[in-house]
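Asks: Here is my input, please return the structure:
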Amino acid sequence: MLKIAPSALLDHYLGISRLLAGQLDFRSAIKAVGAEVSHIIPHDHLDVCITMVNGKYHTAYETGLDTAWGEHAPAPICNSPIRSLLWGEVDQMITPDARVDHRFHFEDAFTRPIFEHNLRSRIHVPLKVEGEVIGALSCSSHQVAFYSAEDVANACSVADLLSPYFFALRAADQAKQSAIVEAEARAREEGLRLGALNLTEALERERQRIGMDLHDQTLADLTRLSRRLDRLINEEEIPGDALEPLARSLQHCMQDLREIIEEAKPSVLQLFGFAQAVENHLDRSLRDTGGETRWELVDETDGLIDTLDKTLRIALFRITQEAINNAARHAQAGHILVRLRSQALGVVIEVSDDGRGMTRPQRRSGGGIDNMMTRARLISAKFTLGPCREGKGTVVRVQLPVGPAKPKIAGDVQ
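Replies: Alright, predicted model coming up:
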């Protein structure tokens, strides 16, 4: 090979730098500089292989000839004919004839392109950044013993020029792949969240349908039956003491049904807002305690909860409702406090009591705690349950993140 003048080499190096500018991917970058590199190191085939960040795979990008190396990406480094160079075990590789060089031929080595394209004389030098091998530059010729030590030195200079640019491309590609993975994960999470909200809404619609059916049919039938029994009791031929227990049972049944209807159809919530609905439920739940249990509602949200999506409002109300029921029925509390707060990170609802506390936190009576946790999870809210700060009683806390854009559920009925 003819020796290249230093001034000509410098021009070619500057030409490579100019051609690299603006190239946004490996393939276009190597094809852009292929002709300029050929003035420094003549070749029939030129490629760069870039190792992946995990150090187990590499991808080849080539120009001059299209071989199977460029078609199999990513490929295991352990099967590469130049794996010793990629692993940093040798500083360079030069061979007069790769077809017969034992260094390129080992069990499972992917050497098919060497024979298919008659790649005989070869040079391989590492691409390094801060001492780390990030890939290799390879030049091949159909001629035997075509390259010399001077060509190896020139190849190292070209590799030093290419390495920082390819390192930046690899970092950008890694960032892009990470962004894609993160975007896909967020899309899946958003899909699950919207699916959960839709499920919550569907369950709520079903509850309201059941409530209306009970109100329109079952409760009406029981009311008529109760009136008929009242008339029978007043008739002389029917012993009143025989029917009176039945009438009393029917009255209890109707009361139970009214409570079910109220549970299934939170009309106060829809008509008057969240705070009023909670206050109404506190009053109803503690009405039968004879004043033994006092309650207090502190609303510091300035109506923020009522601006949330309907499904979110109902889910928060159900959680608050269940927490109040647990405190009223099981805590033996003298005072129940419900505090509604708004924070920078969202809405916080706390239901605390001064009762006996949770003697066995692991046991969940009746599934009420499970229900609250499930409802919180379905709306992506944080749910905590534990003792009050004073060490007496229990506090249920649910925090719902509230962003500038509130979730909208298709098919909402206003």
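
Asks: mind giving me the domain split of the chain?
Replies: The record's domain parsing of the chain by automatic domain parsing lists 6-182, 273-409.

Asks: Now the shortest one: average pLDDT?
Replies: Averaging the model's pLDDT scores along domain 273-409 yields 83.

Asks: Please apply the same query to the first one.
Replies: Averaged over domain 6-182, pLDDT sits at 90.

Asks: how distant is it from the center of its chain?
Replies: Per CA atoms, centre = their mean, to the nearest Å, the displacement of domain 6-182 from the mean C-alpha position of its chain is 38 Å.

Asks: looking at it, residue 140 is touching residue 41, isn't it?
Replies: No - if you go by CB atoms under 8 Å, residue 140 and residue 41 don't touch, sitting 10.3 Å apart. Every C-beta, even on glycine, is put in place using the N, C-alpha and C of the backbone.

Asks: higher neighbour count, those two?
Replies: residue 140 (28 against 22; other CB atoms under 10 Å).

Asks: three-state assignment of the more buried one?
Replies: strand (DSSP: H, G, I helix; E, B strand; the rest coil).

Asks: show me what contacts residue 283?
Replies: Contacts for residue 283 (CB atoms under 8 Å, 6 or more residues apart in numbering) come out as residue 295.

Asks: Quick check: it vs residue 328, distance?
Replies: 11 Å (CB to CB, to the nearest Å).

Asks: So what's the residue count around residue 80?
Replies: 23.

Asks: how about a markdown table for the domains of the chain, with distance to residue 207 added?
Replies: Listed next are the domains of the chain as a markdown table, based on distance: least, CB to CB, whole Å:
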| stretch | distance to residue 207 |
| --- | --- |
| domain 6-182 | 37 |
| domain 273-409 | 9 |
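
Asks: Figure out which of the ones you listed is closest to residue 225.
Replies: Judged by CB to CB, the one of the domains of the chain that comes nearest to residue 225 is domain 273-409, at 25.3 Å.

Asks: circling back to that earlier point, find the residues that touch each one of residue 140 and residue 41.
Replies: Shared contacts of residue 140 and residue 41 (CB under 8 Å, 6+ apart): residue 123.

Asks: Next, please give the residue ranges for the strands of the stretch 201-350 of the chain.
Replies: 294-300, 335-343, 346-353 (DSSP state E, counting those that start in this stretch).

Asks: I should have written the stretch 51-200 of the chain there, sorry.
Replies: So, for the stretch 51-200 of the chain - with DSSP E, counting those that start in this stretch - the strands run 57-63, 75-76, 93-95, 121-129, 132-141.

Asks: what about the strands of the stretch 201-350 of the chain, which gets the closest to residue 391?
Replies: Among those, strand 346-353 sits nearest to residue 391 (CB to CB), with 12.2 Å.

Asks: can you state the direction angle for that closest one and strand 294-300?
Replies: In terms of direction (axes from the mean of the first three to the mean of the last three CA atoms, to 10 degrees), strand 346-353 departs from strand 294-300 by 170 degrees.

Asks: buried set for the helix or strand following strand 346-353?
Replies: Per DSSP states H and E, the first helix or strand lying C-terminal to strand 346-353 is helix 368-378. Of all the residues in helix 368-378, those buried under the rule 16 or more other CB atoms under 10 Å are 369, 372-373, 375-376, 378.

Asks: Can you name the residues in contact with helix 368-378?
Replies: 196-197, 199-200, 315, 318-319, 322-323, 325-326, 364, 382-383, 385, 396, 398.

Asks: Tell me the buried residues within those.
Replies: Going by neighbour count (16+ other CB under 10 Å), those have 196-197, 200, 315, 318-319, 322-323, 325-326, 383, 385, 396, 398 buried.

Asks: Mind checking which of these are in helices?
Replies: Applying DSSP state H to the buried ones among the contacts of helix 368-378, the entries found in helices are 196-197, 200, 315, 318-319, 322-323, 325-326.

Asks: can you tell me which two in these are farthest apart?
Replies: 197 and 326 (24.9 Å).

Asks: Okay, helices next: where are they in the stretch 201-350 of the chain?
Replies: Ranges of helices in the stretch 201-350 of the chain, per DSSP state H, counting those that start in this stretch, are 219-234, 240-264, 267-272, 274-286, 310-330.

Asks: still on that earlier bit, could you dump the buried ones among the contacts of helix 368-378 into CSV with distance to residue 83 added?
Replies: Putting the buried ones among the contacts of helix 368-378 into CSV (distance: CB to CB, whole Å) gives the following:
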residue, distance to residue 83
196, 48
197, 52
200, 55
315, 57
318, 61
319, 59
322, 62
323, 63
325, 67
326, 65
383, 53
385, 56
396, 60
398, 56
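
Asks: can you map out the helices along the stretch 51-200 of the chain?
Replies: For the stretch 51-200 of the chain, the helices defined by DSSP H, counting those that start in this stretch occupy 68-71, 83-86, 112-116, 149-213.
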